[in-house]
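Give me a model of this one.
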Amino acid sequence: MNLLLINPNISQSVSDLIEAEARRAAAPGTNIQVLTAPFGVAYIETRFESLIGAYATATLAAEHCGQHDAIVVAAFGDPGIAGLREALDIPVVGMTEAALMSACLLGQRFSIIAISRRIQAWYRECVQANGLIDRLASIRSLDGPLQDIGRVQDDHTERLKQLCLSAINDDGADVIIIAGAPLAGLARSIKDQIPVPVVDGVSSAVCHAQTLVSLAPVAHRQGSFAPPPIKPNKGLPEGITRLLSGATRGA
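Below you'll find the model as predicted:
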């Protein structure tokens, strides 16, 4: 089984964290490849940055989809995931959806621990879009400047643990979701210090992607996730032009 994880941010240090956690979570025989966005921002924090990350993800997915059995969008917020599911024949899994589904299997109410205050509104909208806003206990976040996105865990582990405990004790969370690719692997390292289950988006996405590949679902041919209709286009990367032409369907 070959899984492609795409980091929609340009930070290679974050891609390294993603890859390390993905390899820890992957089953024996699962091959992991991680690609970093060729353009965009250091880390996605706003809706507009998510648009940029979605396009960067689409360019990489279009170029590499034929070599993989599933794709993981490795950023919380799942930039572009619905559109990718229209265009691709293989399963596409997002960190947000995967983490939310894992959390719902482990408890009734979950809290999200994030890296910045600005990101909270967008995360709340993502939870709502997944139909789970009634199960959201809270979103808590760091509130200071981030000196190095690849070192957020090293710089703020104690504060992040305190946020987890506050979400449990003050907000009634049954499950904690550690949100965002810069925090990949943190849940694994602190889970024994937190008195409820702690969910990691990368490991959840890898495990859910493996399950979907094993289930061998057929591709959408009708409905809202049917392939985009073929129409004239201009100025798009070769891979995306190929996807829009339908050339990869059924490959």
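
contacts, neighbours, all on C-alpha from now
OK.

neighbours of residue 164, just the number please.
Residues near residue 164, counting by other C-alpha atoms under 10 Å, number 28.

Not counting residues beside it along the chain, what's closest to the residue nearest the centre of the chain?
Nearest to the geometric centre of the chain sits residue 95, at 2.5 Å (C-alpha atoms, centre = their mean). In this structure, residue 95 finds its nearest non-sequential neighbour in residue 201, 4.7 Å apart by C-alpha to C-alpha, 6 or more residues apart in numbering.

re the thing from before, the residue nearest to the centre of the chain reaches residue 202, doesn't it?
Yes - Residue 95 is within contact range of residue 202, at 5.9 Å (criterion: C-alpha atoms under 8 Å).

on that earlier part again, state the distance from the residue nearest to residue 95 to residue 220.
25 Å (C-alpha to C-alpha, to the nearest Å).

The two: who's more crowded?
Taking neighbours as other C-alpha under 10 Å, residue 201 and residue 220 compare with residue 201 leading, 31 against 16.

Please report how far the more buried one lies from residue 226.
27 Å.

quick revisit: any common contacting residues for residue 95 and residue 202?
Residues touching both residue 95 and residue 202 (C-alpha atoms under 8 Å, 6 or more residues apart in numbering) are residue 74.

which parts of stretch 187-194 are buried?
For stretch 187-194, a neighbour-count test (16 or more other C-alpha atoms under 10 Å) marks 187, 194 as buried.

can you tell me the distance between the two ends of that stretch?
Using C-alpha to C-alpha, the end-to-end distance of stretch 187-194 comes to 9 Å.
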